[in-house]
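**Q** any chance you could fold what I've pasted below:
(one chain, ligands or ions: 2)
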Amino acid sequence: MYEDIEEILFNEEEISRAADEIAFRINRDYEGKHPVIIGVLKGSFIFLADLVRRLDIDFTVDFIKASSYGDKTRSSGNVDITYHISADIRNRDVIVVEDILDTGYTLSYITEYLRGFSPHSIRICTLFDKPGRRVVPIKPDYTGFVTDDLFIVGYGLDYNEKYRGMPCVGVPKTQSKK
Ligand code: 5GP
Ligand code: MG
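**A** Numbering: from 1, shown residues only. Ligands and ions are numbered 1, 2, ... in the order given. From the prediction side, this is the model:
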């Protein structure tokens, strides 16, 4: 099924350890608090599910979806929110959970949008970070892996909707820069 994966970069065990470490830090940082955890659809859904099962704090889960229009190879600053949160985040501690932080356009737009609802705090949690591709200066508060400028798939991340269910993360032979 996944025979067209060129190289596996992160196996299930490594990803599980990264989720453990991030959850450990969130449990510590939000002890006694009740954050709203906002998953960015669709790519974050598997990471979010694994992350929240490691939390021993109270939390609320919500989702947001954004599309960015531009050329096919790079996302652009023209971001649209296509699915909105339903929770009231005013005065709440918000953790935005993303699969991968690339140019930064999407997450900077989303965090600015969320700031408009006057939350008490906003932090960014991304499983993967590609700082070499950054256009907008945005830094995650929690990161699992810093990766090279390669298009990766698996564990929620897709290429034309394929590979989301792959338990590990790798580089498809159809290597494309998004
Ligand atoms: P940004 O606005 O930061 O450039 O875009 C981030 C979004 O682009 C991510 O949420 C993800 O959907 C997509 N993306 C960026 N890099 C990759 C990648 O290496 N693989 C996959 N599958 N999606 C990516
Ligand atoms: Mg995404």
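**Q** for the closest residue to ligand 2 within the chain, which non-adjacent residue is spatially closest?
**A** Among the residues of the chain, residue 43 lies closest to ligand 2, at 3.6 Å counting by CB to the ion. Quick note: C-beta positions are derived from backbone N, CA and C, even for glycine. When the adjacent residues along the chain are set aside, residue 43 lies closest to residue 99, with 3.4 Å between them (CB to CB, 6 or more residues apart in numbering).
**Q** cool, and residue 80?
**A** Residue 80 sits nearest to residue 67 (CB to CB, 6+ apart), 5.2 Å away.
**Q** element containing that neighbour?
**A** Here residue 67 sits within strand 60-69, counting by DSSP states H and E.
**Q** now do the contacts for residue 11.
**A** Contact partners of residue 11, counting by CB atoms under 8 Å, 6 or more residues apart in numbering, are residue 168.
**Q** likewise for the one 10 residues further on?
**A** Contact analysis of residue 21 by CB under 8 Å, 6+ apart lists residue 144.
**Q** quick revisit: pretty sure the residue nearest to residue 80 sits against residue 105.
**A** No - with contact defined as CB atoms under 8 Å, residue 67 does not reach residue 105; the gap is 11.1 Å.
**Q** got the buried residues for the biggest helix by length in the chain?
**A** Identified as the longest helix of the chain according to DSSP state H is helix 12-29. Buried residues in helix 12-29, counted by 16 or more other CB atoms under 10 Å: 15, 18-19, 22-23, 26.
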